[in-house]
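Q: following is a predicted model, sequence given first.
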Amino acid sequence: MREYTLTISEWHPIDASMVSYVYDSFSGELSYMLDANNIYSHYEYDAIGRLVRTSREQLNYDFGNGKESFKPDHITGEVIYNYGKKN
């Protein structure tokens, strides 16, 4: 007998890996991708829809003495568009 688990609103075998995608409802662009460990990657776009930055969630297990600790996302890529402009 197989075991199944419910995630969000989808059924899949407990020993299977699954990747989830979250799209912006207005632009249709990919906003987040959740991997098999439920760690997200975030995608940011400029005003005309070009990918400008990708970042990945960081886990932080050191909360200190009764304090909550927060680590910002780790930027994994950044694109600067330069169409013939001289810096």
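A: It's in.

Q: what separates Asp15 from Met33, distance-wise?
A: 21 Å (C-beta to C-beta, to the nearest Å). (Glycine included, C-beta is placed from N, CA and C.)

Q: the more surrounded of those two?
A: The residue with more neighbours, out of Asp15 and Met33, is Met33; 16 against 8, by other C-beta atoms under 10 Å.

Q: what's the closest non-adjacent residue to the more buried one?
A: Ser41 (4.8 Å; C-beta to C-beta, 6 or more residues apart in numbering).

Q: near the one you found, how many residues? Count them for me, please.
A: Ser41: 18 neighbours (other C-beta under 10 Å).

Q: per-residue pLDDT, it?
A: Listed pLDDT for Ser41 reads 90.

Q: how much space separates it from Val19?
A: Counting by C-beta to C-beta, the gap from Ser41 to Val19 is 10 Å.

Q: do the same with Val79
A: Taking C-beta to C-beta, one finds Val79 at 23 Å from Val19.

Q: which of these two has more neighbours?
A: Comparing Val79 with Val19 by other C-beta under 10 Å, the one with more neighbours is Val79, at 11 against 8.
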